[in-house]
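J.: let me see the structure of the following:
(one chain, ligands or ions: 1)
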Amino acid sequence: MEITNSPNHHNLHFILIPWLAPGHMIPMIDISRVLASHGAAVTLFTTPVNAARIKPTIDRLSADNIPIKFVPLRFPAVEAGLPAGCENMDSIPNRALLSNFLNAAKLLRGPMAQYLRDIAPRPSCIISGTVHSWAPELAREFGVPCFFFQGFCSFSLLCCHNLYTSKVHDAASSPTEPFVIPDLPFEFKIARKQLPAQFQLSQFSYLVEEQRKAELAADGVVVNSFEELEPGCAELLRIASGKLVWSVGPVSLCNTSKSDLEERGDKASVDTNECITWLDSKKPRSVIYVSFGSTTDVFQPKQLTELGLGLLACKWSFIWVVKDGELFSPDFEGWLHENFEARADGKCLLIRGWGPQVMILSHRAVGGFLTHCGWNSTLESVAAGVPMVTWPLFAEQFMNQKLILDILRIGVRVGDVDTAVEWLGLANDSVAVWREDVTKALESLMDGGEEGEERRKRAEELRKKAKTAIEKGGSSYLKMKHLMQFVDNYKAGTNA
Ligand code: UDP
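T.: Have a look, this model is predicted:
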């Protein structure tokens, strides 16, 4: 597409409606910043509790006169049978309350539409988080295009699209039987038990149908990825789905100031200056960062104990982020404290709660990331040139693992993790990965001889490509310009 208009799109007003989970809200706030850096105005809907988490970011953007307006709408948690203040997926107490949360989120549509009717300048485009299946209708009401932001990369979106259309997973004889997902640029075998929940959970099938219909009604998707990371996948997705695909990432790279890095997504549960001093005291590429995303209650004490003992048995220092929900009995608490906090040898920095992830990953002392392969974490690792040890848990993480291990070849798998865990399911107190698995994988990543060096070189190459992609003239920069041009033309009625 020719970019014919002025380089800045001061006339455009984007409406962003992130899904209420950290892995969706965080990149969508970054997307707002990228849109604003191209001259657009942005209104981002949130809720009071979620706004409070990112207050320093909101205040900073406002002080710098960045044209992003955060609108906190009251979230009807109590009316929907949720505890007061439960406004984010990471605070739903148990799986039985998931549908209450989804019902409460649906009620946001009315106040949102009301707000948009009176807003100036008029909306030009809606970018909606997944799950808000009413977003395309809302966009139609205002005569503007609608894009979804699902948080997946193009490769995983393509896998999902091809599953929806081919239904090969339904034909698999058992949850464990690997089958090939058709029409991908390379062969990829996966088993049903490793697929995202929408291909497994019959209990929520009505929701899946609703969401799929909405995706088909939207104009396309905004993807936090870049062309050079998954060459051809965005184009294959565009052809297969008939929808527009805008790869505009890695959007985390718009966080450049110390404050942006320290406070991204939430207040860090560690003194960030102490954390930097600790990292400064380590040799380059000698520290392992261990974190499994924003979800709580993923692991129970037995698994955490094995992981912790595996980390201690390695010769490298590590930062381990343990979520609040993972803290259990006084015995286990005592064990954690004794082994990971009271030790005076400086081998470990335990963070209980929220880790300043992008700040940590971008420190030169960090040489490896033990990750659950959430797409944000994966891309943030790529953007920092840090190779990964992969331990997928749920959602599209087994697809991301394929990209990391076999296509990009910048990772090592841990143990034999072959089954997705149920999101917010009661994690049973069993062990999927043993301490020896952890040690072996980390040794191979950090000390893997020639193979390890090659892996690290590939990661470094990708870091450079990621940086170039978002710079002026880079692939993601141009995609963002094209997206804005599309919206401009839509407004003028000249897209057809
Ligand atoms: N994150 C963070 N600190 C934490 C946990 C998560 O900054 O302690 C951020 C992380 O940088 C990423 C997002 O939260 O941007 C998690 O997204 P991801 O897709 O990796 O995983 P999810 O939480 O959605 O499973």
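
J.: contacts and neighbour counts: CA atoms only from here.
T.: Noted.

J.: what ranges do the strands span in the stretch 301-450 of the chain?
T.: 317-322, 348-352, 366-371, 388-390, 411-413 (DSSP state E, counting those that start in this stretch).

J.: and those strands as CSV, adding mean pLDDT?
T.: Below are those laid out as CSV (pLDDT from 0 to 100):
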stretch, mean pLDDT
strand 317-322, 96
strand 348-352, 95
strand 366-371, 98
strand 388-390, 98
strand 411-413, 98
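
J.: out of those, deepest packed?
T.: Among those, strand 388-390 has the highest mean neighbour count (mean count of other C-alpha atoms under 10 Å), at a mean of 30.

J.: list the helices and strands that strand packs on?
T.: strand 366-371, strand 411-413, helix 435-446 (3 or more C-alpha pairs under 8 Å, 6 or more residues apart in numbering; DSSP states H and E).

J.: on that earlier part again, would you mind giving the strands of the stretch 301-450 of the chain as CSV with distance to the ligand added?
T.: Converted to CSV, the strands of the stretch 301-450 of the chain look like this (distance: least, C-alpha to the nearest ligand atom, whole Å):
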stretch, distance to the ligand
strand 317-322, 6
strand 348-352, 8
strand 366-371, 8
strand 388-390, 12
strand 411-413, 16
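
J.: around the ligand, pick out the residues from the stretch 201-350 of the chain.
T.: Residues of the stretch 201-350 of the chain lying close to the ligand by C-alpha under 6 Å from any ligand atom are 265, 293-295.

J.: ok, now with 5 Å
T.: 293-294 (C-alpha under 5 Å from any ligand atom).

J.: low-confidence ranges, the stretch 201-350 of the chain, go.
T.: Scanning the stretch 201-350 of the chain with the threshold set as pLDDT under 70 gives 201-202, 325-327, 344.

J.: as JSON lines, the strands of the stretch 301-450 of the chain with distance to residue 138 would be great.
T.: Converted to JSON lines, the strands of the stretch 301-450 of the chain look like this (distance: least, C-alpha to C-alpha, whole Å):
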{"stretch": "strand 317-322", "distance to residue 138": "39"}
{"stretch": "strand 348-352", "distance to residue 138": "40"}
{"stretch": "strand 366-371", "distance to residue 138": "37"}
{"stretch": "strand 388-390", "distance to residue 138": "39"}
{"stretch": "strand 411-413", "distance to residue 138": "42"}
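
J.: nearest to residue 162, of the ones you listed?
T.: Ranking the strands of the stretch 301-450 of the chain by proximity to residue 162 (C-alpha to C-alpha) places strand 388-390 first, at 24.2 Å.

J.: re the thing from before, and the strands of the stretch 301-450 of the chain: which comes nearest residue 487?
T.: strand 366-371 (36.4 Å).

J.: may I have the closest one as PDB, with CA atoms only?
T.: Extracted as PDB, the C-alpha positions of strand 366-371 are listed here (Å, rounded to 0.1, in the frame of the first residue of the first chain):
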ATOM      1  CA  VAL A 366      21.000 -12.100  31.900                       C
ATOM      2  CA  GLY A 367      22.000 -15.100  29.700                       C
ATOM      3  CA  GLY A 368      19.000 -17.300  29.700                       C
ATOM      4  CA  PHE A 369      15.200 -17.300  30.400                       C
ATOM      5  CA  LEU A 370      13.300 -20.300  31.800                       C
ATOM      6  CA  THR A 371       9.900 -19.400  30.400                       C
END
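
J.: give the pairing partners of it; include direction for each.
T.: Paired neighbours of strand 366-371 in the sheet (DSSP bridges): strand 287-291 (parallel), strand 388-390 (parallel).

J.: could you pull out the strands in the stretch 51-200 of the chain for me?
T.: With DSSP E, counting those that start in this stretch as the criterion, the stretch 51-200 of the chain has strands spanning 68-72, 125-129, 146-149, 179-180, 189-190.
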